[in-house]
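Peer 1: Show me how the following folds:
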Amino acid sequence: MSLFSHVEPTAQQLAGAAPTFASILIVDDQRFDRTRLKKLCGTLGFNTHLDEADSLQAMHDRLSKERFDLILLDYHLTDGTGLQGVDAIRADPVNKGAAIIMITGTENSDVALQALTMGFSDYLTKDELSEETLQRAAITALQKAQLTRGMARKSTKEVQMHDTLRSFSRECAKDIKPIVSRMMRQMRELREIDQISPEDAVQRVERVEGSLRRLWNFLEDLDELGAQSPSPTVSGVRSTNDIQLRVPSHQPVKANKKLVRTPSVFRRRPD
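Peer 2: As a prediction, this is how the structure comes out:
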């Protein structure tokens, strides 16, 4: 028996967790053991594609040609050990996410612990191999591998989203800063409003309101963009330039304008 205790799922739980198909590579230097494993794989309860290798080098060749969901890797091989083989599997760009189960003819707690630490999903001795033990180990290993791949994809997406948001914020800042800078200059001009003619005073106030309108329209377009896409994308970053093109950089001053103060955009809350 294995040195590791397992909480054994019921047959119903195994059936519900079993995949519909798995491609399996059997790596063992003994033909008898490979034949036995192939026979046991036929009783896993789901469709399988089986391939085999009798050495680490042969495993390398198979990894370069096919993608495998599960690898049953013997510990004692003619050209190395299963622990050396796991490094090759994790370095393979196609099969690095495959589930791996160590199969060994001898029970060694140190080897078992090292195997599990290195990323093996399970550790089975050839003496304890049966339809039930292999089925349980295979289904559990495939589930773990699927979960790990899902977490890796999620992590990658989160990094991509973070980079996109950072780029998006930079683009927005580049468009908003000139508007705010112009408003600051225009607000400084208002300090002299008591020293200029009423016509110039009205024009200066209108320029400030024009800048505020532009800023407001920019924010309105950002709000609309957010409503169309819950998560900013690369296309969303490009849209900030489109926003800038749609909004004029200043409000034209009409000639011979009567000295009537233009209603402020802040008189009522925009819809």
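Peer 1: all contacts plus neighbour counts: C-alpha atoms, from now on.
Peer 2: Noted.
Peer 1: I'd assumed Asp29 was in contact with Asp54.
Peer 2: Yes: the criterion here is CA atoms under 8 Å, and Asp54 meets it with Asp29 at 4.2 Å.
Peer 1: Quick check: neighbours shared by those two?
Peer 2: Leu77 (CA atoms under 8 Å, 6 or more residues apart in numbering).
Peer 1: Run a quick neighbour tally on the nearest residue in space to Leu63 that is not next to it in sequence.
Peer 2: Excluding the flanking residues, the one nearest Leu63 by CA to CA, 6 or more residues apart in numbering is Asn95, at 6.8 Å. Counted by other CA atoms under 10 Å, the residues lying close to Asn95 total 19.
Peer 1: cool, the one 4 residues further on as well?
Peer 2: Other residues within reach of Ala99, judged by other CA under 10 Å, total 27.
Peer 1: Check what pLDDT the closest residue to it other than its chain neighbours gets.
Peer 2: Take Ala99 and drop its neighbours on the chain: the residue closest to it by CA to CA, 6+ apart is Leu70, 4.7 Å away. Looking at Leu70, its pLDDT reads 95.
Peer 1: Contacts only, for Leu70.
Peer 2: 22-25, 98-101, 138, 141-142.
Peer 1: run the last query once more with 6 Å
Peer 2: By CA atoms under 6 Å, 6 or more residues apart in numbering, the contact set of Leu70 is 24, 98-100.
Peer 1: so it bridges to which residues?
Peer 2: Taking DSSP bridges, one obtains Ile24, Ala99 as the residues bridged to Leu70.
Peer 1: ok now do Asp29, which residues does it touch?
Peer 2: 54-55, 77.
Peer 1: can we see that at 8 Å?
Peer 2: Counted by CA under 8 Å, 6+ apart, Asp29 has contacts 53-55, 74, 76-78.
Peer 1: Quick one, which of the residues you listed are buried?
Peer 2: The neighbour-count test (16 or more other CA atoms under 10 Å) marks 53-55, 74, 76-77 as buried among those.
Peer 1: Turn these into JSON lines, columns for distance to Phe120 and pLDDT.
Peer 2: Listed next are the buried ones among the contacts of Asp29 as JSON lines, based on distance: CA to CA, whole Å; pLDDT from 0 to 100:
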{"residue": "Ala53", "distance to Phe120": "18", "pLDDT": "96"}
{"residue": "Asp54", "distance to Phe120": "19", "pLDDT": "95"}
{"residue": "Ser55", "distance to Phe120": "18", "pLDDT": "95"}
{"residue": "Asp74", "distance to Phe120": "12", "pLDDT": "93"}
{"residue": "His76", "distance to Phe120": "15", "pLDDT": "90"}
{"residue": "Leu77", "distance to Phe120": "17", "pLDDT": "93"}
